[in-house]
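In: sharing a sequence plus its predicted fold:
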Amino acid sequence: MFIDYKIKNNIERMGINVFSKNYVSSTNDYLNYGYIRDQAPIIVLANNQRHPRGRRGKKWVNFQGSSLGFSLCLRFNKSLNEYFVLSHLVGISIIQACKAISDQTLTIKWPNDIMQDDEKVCGTLIENLIDSKNSFYSMIGFGFNISIPDSLINFIDGYPANLNIEKNNVDLLAGTTASVLLQNISLFEKSGFIPFQKIWNEYMYAKNKNVILTSKDKEVSGKLLGINIKGELQIQTNKKIVNTSDINYSMRLLK
C-alpha cells in the first residue's frame with residue numbers, strides 16, 4: 001500500500017517510532033543500521049521492496065500498492081534463548097489485531113503463516129542480531145496481501161489470498177499489530193508462555209486434522225494436536241506423539 005500520513009500517525013499514536021522510504025531492498029535489512037536500532041521500538045515502512053524475503057530464504061512477493069509490508073525493530077534486554085516463542089507471540093498478535101480492527105476470523109498455520117480459511121493472507125520473518133550476552137535486537141517483517149489482482153495472485157505459490165479488510169482499516173494494521181505484540185511480549189515476560197499456549201492452540205489451523213509435514217528428506221504425518229508448553233508442534237502418528245520445533249517443515253492437509 002502507498003504510505004500516507006494516516007498510517008504514520010496511527011503508528012506514532014501507539015508510542016512507536018516510524019521510519020519510511022519509498023523504495024528499499026528489504027525493510028528487514030534495516031536491522032543492520034545502528035540509527036534504526038537506537039530508536040527501537042521502531043517500524044520501518046516502504047512503498048516498494050525490491051528484494052523482500054520470506055522464511056528459509058524464499059522470495060516474498062510484494063506488489064506495490066497492493067501489499068502492506070513493514071518491519072518492527074525491537075530491543076530485548078535478555079538472552080535470545082529466553083524468547084524462544086517470539087514467533088508464536090507474533091502470530092497471535094496478528095490475529096488479535098485483525099480481529100480488533102475488522103472482526104476477522106483467522107488462523108495460524110505452522111510455523112508462521114496467517115490463514116483466511118485455507119488461503120494465506122500474511123507471512124512473517126524474524127531476524128535477530130545479538131548485541132551482548134544479555135541483549136539482542138529482533139527485526140520482525142510482516143507482509144499482508146491487501147488488494148493483489150486476481151490475474152496476479154493466481155500465479156503465486158502457496159495458495160495466497162487478499163485479507164478481507166475494509167480500505168480505511170488498512171491504515172490501522174501496522175500500528176495495531178505492533179501495539180498488540182508489545183503488550184503480549186510484556187505479558188509473556190510477567191506470566192510465561194502458559195496463557196499463550198492455550199490461545200495459540202485455539203487459533204491453530206487444521207487442529208485435530210490429519211496433516212503431513214515435509215522438510216527436504218524428512219516427513220511426518222498424523223493428527224495435529226497443537227503445541228506444547230515449549231512451543232513445539234505435536235503430531236500423533238500411528239506409533240507415538242512427535243514433538244518438533246523445526247520451522248523448516250511445510251505443512252499441508254491430508255485428504
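Out: Received it, and whenever you're ready, just let me know what you need. Please read all numbers here as calculations on a predicted model, not as lab measurements.

In: beta partners of residue 108?
Out: Under the criterion DSSP bridges, residue 108 forms beta bridges with residue 114, residue 204.

In: so, low pLDDT: which residues of the stretch 51-200 of the chain?
Out: Along the stretch 51-200 of the chain, the model assigns pLDDT under 70 to residues 51-64.

In: part of a helix, is residue 200?
Out: Yes. Residue 200 sits within a helix when classified using DSSP: H, G, I helix; E, B strand; the rest coil.

In: burial count for it?
Out: Using other Cβ atoms under 10 Å, residue 200 has 21 neighbouring residues. For every residue, glycine as well, the C-beta is placed using N, CA and C.

In: the strands in this protein, which residues?
Out: In the chain, the segments counted as strands under DSSP state E are 17-24, 42-49, 67-76, 107-109, 113-116, 119-132, 135-145, 210-215, 218-227, 233-236, 241-244, 250-253.

In: okay, those, which one's buried deepest?
Out: strand 67-76 (a mean of 24; mean count of other Cβ atoms under 10 Å).

In: out of the strands of the chain, nearest to residue 193?
Out: Across those, the minimum distance to residue 193, taken as Cβ to Cβ, is reached by strand 218-227, at 9.4 Å.

In: follow-up on the earlier one: let's have the strands of the chain in a markdown table, adding distance to residue 164.
Out: Formatted as a markdown table, the strands of the chain follow (distance: least, Cβ to Cβ, whole Å):
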| stretch | distance to residue 164 |
| --- | --- |
| strand 17-24 | 26 |
| strand 42-49 | 23 |
| strand 67-76 | 14 |
| strand 107-109 | 14 |
| strand 113-116 | 6 |
| strand 119-132 | 8 |
| strand 135-145 | 10 |
| strand 210-215 | 25 |
| strand 218-227 | 25 |
| strand 233-236 | 27 |
| strand 241-244 | 32 |
| strand 250-253 | 21 |
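
In: residue 111 contacts residue 244, correct?
Out: No. Counting by Cβ atoms under 8 Å, residue 244 is not a contact partner of residue 111; they are 10.0 Å apart.

In: could you chop this structure up by domain?
Out: 5-201, 206-253 (automatic domain parsing).

In: residue with max distance from the center of the protein?
Out: Distance from the centre of the chain peaks at residue 239, with 32.6 Å (Cα atoms, centre = their mean).

In: contact partners for it?
Out: Not one residue lies near residue 239 by Cβ atoms under 8 Å, 6 or more residues apart in numbering.

In: how far away is it from residue 99?
Out: Using Cβ to Cβ, to the nearest Å, residue 239 is found at 38 Å from residue 99.

In: give me the pLDDT value at the residue farthest from the centre of the chain.
Out: For residue 239, the pLDDT comes out at 88.

In: look up phi and psi at it.
Out: Note on residue 239: backbone dihedrals following degrees, to the nearest 10 are phi -110, psi -30.

In: give the burial count for the residue nearest to residue 135 when sequence neighbours are not counted, as a bare number.
Out: Distance criterion Cβ to Cβ, 6 or more residues apart in numbering; nearest residue to residue 135, sequence neighbours excluded, is residue 77 at 5.1 Å. Per other Cβ under 10 Å, the neighbour tally for residue 77 reads 9.
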